[in-house]
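1. A structural model of the following input is requested.
(chains A and B)
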Amino acid sequence: EAQVTQNPRYLITVTGKKLTVTCSQNMNHEYMSWYRQDPGLGLRQIYYSMNVEVTDKGDVPEGYKVSRKEKRNFPLILESPSPNQTSLYFCASWPTSSYEQYFGPGTRLTVT
Amino acid sequence: AQSVTQLGSHVSVSEGALVLLRCNYSSSVPPYLFWYVQYPNQGLQLLLKYTTGATLVKGINGFEAEFKKSETSFHLTKPSAHMSDAAEYFCAVRATGGGNKLTFGTGTQLKVEL
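-> You can find the predicted model right below:
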């Protein structure tokens, strides 16, 4: 089944404790992206990647890091999480031939 | 820059009534337009899209949308709401620049009442 998977689905952590949220897709898509969803603000792009080892900032990159060492994986790293990063995070992927994005199920992160 | 405005963050309809969710966009290039739906505790899934060709686009679950260039609109409709349509709906437009990116609206929460 073609899909985007994210882990974990739920995460509660404390301020300053480094964490990684994984994202993997099995559709051989070139593009991948991370979004955060907050009430009233919709989806805001954090980072995106055009292919292996090629990444670029989105609209709200501060406090986040990403890497793309393999085509299928695009982890999101929070090196020192803060409470304002409490949010619902989505990973998405899509091919170069299309603008249609495929989304993972989401990761709900709470930073206390 | 591209932008999307969704009028009404919350819309409530009765079961069987018409669903109308509004989306207006601005774009400096011919727009590609999308509607995504997000059911509770799930990711977004594509409902329908307009790229070129016929301006009335049909999607899944009985939804359709009409691209109106003169009004810069892409409103989503469904003739008869069902309880299972309760979800959040996002309109999106392709962004210029690299990356085949989309710019999303802030979403409309649809509530369906008996």
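2. distance of the residue sitting nearest the centre point of chain A from chain B?
-> Nearest to the mean C-alpha position of chain A, by CA atoms, centre = their mean, lies residue A:34 at 3.0 Å. Counting by CB to the nearest CB, to the nearest Å, the gap from residue A:34 to chain B is 12 Å. C-beta here means a position set from N, CA and C on the backbone, and glycine is covered the same way.
3. need the three-state assignment for that residue.
-> For residue A:34, the assignment made with DSSP: H, G, I helix; E, B strand; the rest coil gives strand.
4. apart from its neighbours in sequence, what residue is nearest it?
-> Excluding the flanking residues, the one nearest residue A:34 by CB to CB, 6 or more residues apart in numbering or on different chains is residue A:46, at 4.3 Å.
5. can you get me a residue count around that neighbour?
-> Number of residues near residue A:46 (other CB atoms under 10 Å in any protein chain shown) recorded here: 24.
6. in contact with residue B:4, which residues?
-> Contacts for residue B:4 (CB atoms under 8 Å, 6 or more residues apart in numbering or on different chains) come out as B:23, B:24, B:25, B:91, B:92, B:93, B:103, B:104, B:105.
7. before we move on, the earlier item: surely the residue nearest to the centre of chain A touches residue A:67?
-> No - with contacts counted by CB atoms under 8 Å, residue A:34 stays clear of residue A:67, the gap being 11.6 Å.
8. list residues touching both of those two?
-> The contact lists of residue A:34 and residue A:67 share residue A:74, where a contact means CB under 8 Å, 6+ apart.
9. any idea how far residue A:78 lies from residue B:2?
-> Distance of residue A:78 to residue B:2, given as CB to CB, to the nearest Å: 28 Å.
10. just residue A:72 next, same as before
-> Counting by CB to CB, the separation of residue A:72 from residue B:2 is 29 Å.
11. in stretch B:85-98, what's buried?
-> By neighbour count on 16 or more other CB atoms under 10 Å in any protein chain shown, the buried set for stretch B:85-98 is B:85, B:86, B:87, B:88, B:89, B:90, B:91, B:92, B:93, B:94, B:95.
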